[in-house]
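**Student:** Predicted model and sequence below, questions to follow.
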Amino acid sequence: MANRVEVLLSDLFPGDAVVSARVGDLAQYRPGGSAFLVDAEEMRARGGRLRSYLTLLR
């Protein structure tokens, strides 16, 4: 699922630095996280900030 969202965001917002950063987060997402991976709780927080950002772009 995360891979699909990565592709969709990249296609819809090419060159947008904020969106690109979140795409990078999705690439590092794992449900349990680890030292170098983003866990579900942190991904929810980052996704919420992305949603707010995308709302401003409308």
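**Tutor:** Here it is on my side, so go on.
**Student:** Could you use CA atoms for every contact and neighbour count after this?
**Tutor:** Noted.
**Student:** Please report how far residue 36 lies from residue 14.
**Tutor:** Per C-alpha to C-alpha, to the nearest Å, residue 36 is found 25 Å from residue 14.
**Student:** Likewise for residue 55?
**Tutor:** To residue 14, residue 55 is 17 Å away according to C-alpha to C-alpha.
**Student:** Could you tell me the average pLDDT over stretch 35-47, please?
**Tutor:** Confidence for stretch 35-47, expressed as mean pLDDT, is 93.
**Student:** Restricting to C-alpha, output the longest helix belonging to the chain in PDB.
**Tutor:** The residue-count maximum for a helix in the chain (DSSP state H) belongs to helix 40-57. Once non-C-alpha atoms are left out, helix 40-57 reads as follows in PDB (Å, rounded to 0.1, in the frame of the first residue of the first chain):
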ATOM      1  CA  ALA A  40       3.200   3.600  12.200                       C
ATOM      2  CA  GLU A  41       2.700   6.200  14.900                       C
ATOM      3  CA  GLU A  42       5.300   8.600  13.400                       C
ATOM      4  CA  MET A  43       4.000   7.900   9.900                       C
ATOM      5  CA  ARG A  44       0.500   8.900  11.000                       C
ATOM      6  CA  ALA A  45       1.900  12.200  12.400                       C
ATOM      7  CA  ARG A  46       3.800  12.900   9.200                       C
ATOM      8  CA  GLY A  47       0.900  12.000   7.100                       C
ATOM      9  CA  GLY A  48      -1.300  14.400   9.000                       C
ATOM     10  CA  ARG A  49       1.100  17.200   8.400                       C
ATOM     11  CA  LEU A  50       1.200  16.300   4.700                       C
ATOM     12  CA  ARG A  51      -2.600  16.300   4.500                       C
ATOM     13  CA  SER A  52      -2.600  19.800   6.000                       C
ATOM     14  CA  TYR A  53       0.100  20.900   3.500                       C
ATOM     15  CA  LEU A  54      -1.800  19.500   0.500                       C
ATOM     16  CA  THR A  55      -5.000  21.200   1.700                       C
ATOM     17  CA  LEU A  56      -3.200  24.500   1.400                       C
ATOM     18  CA  LEU A  57      -2.300  23.800  -2.200                       C
END
